[in-house]
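A.B. asks: Give me coordinates for this.
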Amino acid sequence: MPMSTVEIMSGGRNCAMEIGRRKGRILAVVLMLPILLLVTAALSAQPRQGQILTTEVKGAIGVASTIHVCKVIEDGSKGGAELVLLSMDTPGGLLSATRDLIQCILGSTRPIAVYVAPSGARAASAGTYIAQAAHIAAMAPGTHIGAATPVAMGPPSPLTPPERRRDDDDKKPAQPAPSTAMERKVLNDAIAYLKGLAELRGRNTEWAEKAVRDAATLTASEALREKVIDVLAVDVDDLIRQLDGRTVQISGKDIQLKTTAAIRVAVEPDWRMRLLHTISDPNVAFILLLLGVYGVLFEFWSPGAIVPGVVGAVSLLLAMTALSVLPLSYGGLALVLLGIGLMIAEAFAPGIGILGVGGFIAFVLGAIFMFDPSQTDFDFRIAWPVIIGAAMTSALVSVAVIASAVRVRRQRPVSGAEELIGLTGRVVSWQGGRGTILVHGENWSATCSTELEVGSQVEVVARQGLVLAVRKL
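C.D. replies: Residues are numbered from 1 along each chain as shown. Coordinates of the predicted model:
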């Protein structure tokens with residue numbers, strides 16, 4: 001039976017509506033797909049409950065290591081990790097970075113365990129403070145902890161004999177007492193800080209004072225016996241096993257650890273943190289600074305070389321990045337730059353060597369005092385081989401530039417008015433002490449004190465304007 005016009009139009013509208021609904025569903029799926037991917041990525045990036053986040057803290061405590069560890073602690077707090085485990089081996093570090101790291105530990109909502117490992121590792125200076133700040137302090141056999149005396153305290157003044165006190169335990173002379181008000185202030189502040197951390201975690205406060213005042217140290221077994229640490233574990237597996245069922249207190253609440261069934265997730269620093277950790281070494285930062293300065297200077301000396309300029313600019317930017325996170329002494333940096341400037345000045349103004357010697361001395365002194373030792377708790381400075389090598393290299397560069405300048409000065413001119421001096425020519429015409437000669441493919445007016453013949457050979461000895469003075473060969 002044939003369909004009416006109304007039925008045909010109604011069917012067409014229904015078909016169009018169905019197609020529109022399908023397009024709408026497809027569009028919704030397409031729009032929701034990026035959101036779903038982002039949510040999935042975010043969920044996978046966050047640690048889940050029942051995980052133990054582990055990371056290593058090796059070498060000097062600096063800005064890079066602090067940023068990385070604080071990020072791990074933050075992720076553990078947000079994701080509800082069962083435990084954040086820091087395997088530590090450090091000689092000390094920057095005071096500001098250490099305090100920032102301790103603040104991250106104290107502000108964590110999840111348990112933090114510091115494990116001094118493997119055998120042969122140490123938690124010296126800054127490491128002692130970090131271990132005492134952790135909810136759980138553990139050590140492996142063959143490790144040690146302590147020596148937390150601030151390095152900023154210098155030796156006692158020779159004008160005032162230091163007072164000596166006797167230790168109540170062994171009756172042996174202790175270290176000299178601080179002789180100035182500033183040293184006493186620094187010492188008492190460090191003692192109070194470490195004792196406060198030990199008291200917060202219920203550990204031995206008396207030893208904490210000895211660790212700062214007398215630079216006392218303990219082996220792993222001694223630290224356990226003196227209640228400086230909580231656990232002595234052979235390895236990470238043993239530590240996890242011993243921590244299972246232990247109760248720690250965070251923000252006034254008791255949290256029982258369930259570590260045996262937890263999944264361990266190792267968190268490595270990304271490439272940016274590894275790069276920052278590498279360049280923040282004082283020796284590396286110093287070498288990058290020199291490469292940057294000399295690379296840029298070489299580009300100015302030889303425009304168009306490109307490679308030295310690019311390498312120098314990149315090295316200089318990396319050095320500035322490293323110096324921004326290091327305890328830089330601007331006086332030392334100024335001496336280094338002054339030394340480089342004086343040695344370069346000696347190259348362009350050769351004399352009796354006063355500029356060069358002064359620049360060499362300023363360079364060495366600047367390298368020695370380039371970093372402020374009062375901002376660290378261990379020997380933080382540029383190594384002597386690096387200082388001597390850099391100074392000798394700078395001096396050799398200056399000598400090479402001087403030798404090149406002298407060699408160029410002795411060379412015969414190849415352009416300008418002096419180019420004709422010493423060239424030989426042929427007399428074209430001559431009469432009465434004046435005439436024309438052919439030299440360098442051109443005819444020049446010439447004079448001579450002796451009479452010359454046409455075709456004779458002459459040598460140019462001087463030039464006055466467009467007239468050459470010659471002598472007969």
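A.B. asks: how about Val265, secondary structure?
C.D. replies: Following DSSP: H, G, I helix; E, B strand; the rest coil, we place Val265 in the strand state.
A.B. asks: separation between it and Val231?
C.D. replies: Val265 is 21 Å from Val231, where distance means CB to CB, to the nearest Å. (C-beta placed from N, C-alpha, C; glycine too.)
A.B. asks: do Ala211 as well
C.D. replies: Distance, Ala211 to Val231, using CB to CB: 19 Å.
A.B. asks: do Trp384 as well
C.D. replies: 41 Å.
A.B. asks: Of these two, which one has the most company?
C.D. replies: With neighbours defined as other CB atoms under 10 Å, Trp384 and Val231 compare such that Val231 has more, 18 against 11.
A.B. asks: how about that one, what does it touch?
C.D. replies: With contacts taken as CB atoms under 8 Å, 6 or more residues apart in numbering, Val231 has the following neighbours: Ile136, Ala137, Ala138, Met139, Leu224, Leu239, Gln242, Leu243.
A.B. asks: wait, what's in contact with the residue positioned nearest the centre of the chain?
C.D. replies: A centroid search over the chain (CA atoms, centre = their mean) returns Ser280, at 1.8 Å, as the residue closest to the centre. By CB under 8 Å, 6+ apart, the residues touching Ser280 are Gly62, Val63, Ala64, Ala322, Val325, Leu326.
A.B. asks: Which of those sits closest to Ala216?
C.D. replies: Closest to Ala216 out of the contacts of Ser280 is Gly62 (25.5 Å), distances taken as CB to CB.
A.B. asks: Just the pLDDT at that closest one, thanks.
C.D. replies: Note on Gly62: pLDDT of 88.
A.B. asks: what about it, how many neighbours?
C.D. replies: For Gly62, using other CB under 10 Å, the count is 23.
A.B. asks: State the phi and psi torsions of it.
C.D. replies: When read as degrees, to the nearest 10, the backbone of Gly62 gives phi -130, psi -170.
A.B. asks: if I look at it, how far off is Val454?
C.D. replies: Applying CB to CB, the value for Gly62 to Val454 is 85 Å.
A.B. asks: Kindly report the same for Leu342.
C.D. replies: Note on Leu342: its distance to Val454, by CB to CB, is 59 Å.
A.B. asks: Looking at the two, which is more packed in?
C.D. replies: A direct count of neighbours by other CB under 10 Å for Leu342 and Val454 places Leu342 higher, at 21 against 12.
A.B. asks: hang on, isn't the more buried one packed against Gly366?
C.D. replies: No. The pair Leu342 and Gly366 fails to qualify as a contact (CB atoms under 8 Å) at a distance of 11.2 Å.
A.B. asks: Are we agreed that Leu323 is in a helix?
C.D. replies: Yes. Looking at Leu323 with three-state DSSP, it is inside a helix.
A.B. asks: Give the burial count for it, as a bare number.
C.D. replies: Leu323: 21 surrounding residues under other CB under 10 Å.
A.B. asks: and if you look at Leu420?
C.D. replies: By other CB under 10 Å, the residues close to Leu420 number 18.
A.B. asks: my guess is it meets Val461, correct?
C.D. replies: No. Judged on CB under 8 Å, Leu420 makes no contact with Val461 at a distance of 9.9 Å.
A.B. asks: Could you confirm Val458 falls within a strand?
C.D. replies: Yes. Applying three-state DSSP, one finds Val458 inside a strand.
A.B. asks: Pull the contacting residues for it.
C.D. replies: Val458 neighbours (CB under 8 Å, 6+ apart): Thr424, Gly425, Arg426, Val427, Ile437, Ala446, Cys448, Leu452, Val470, Arg471, Lys472, Leu473.
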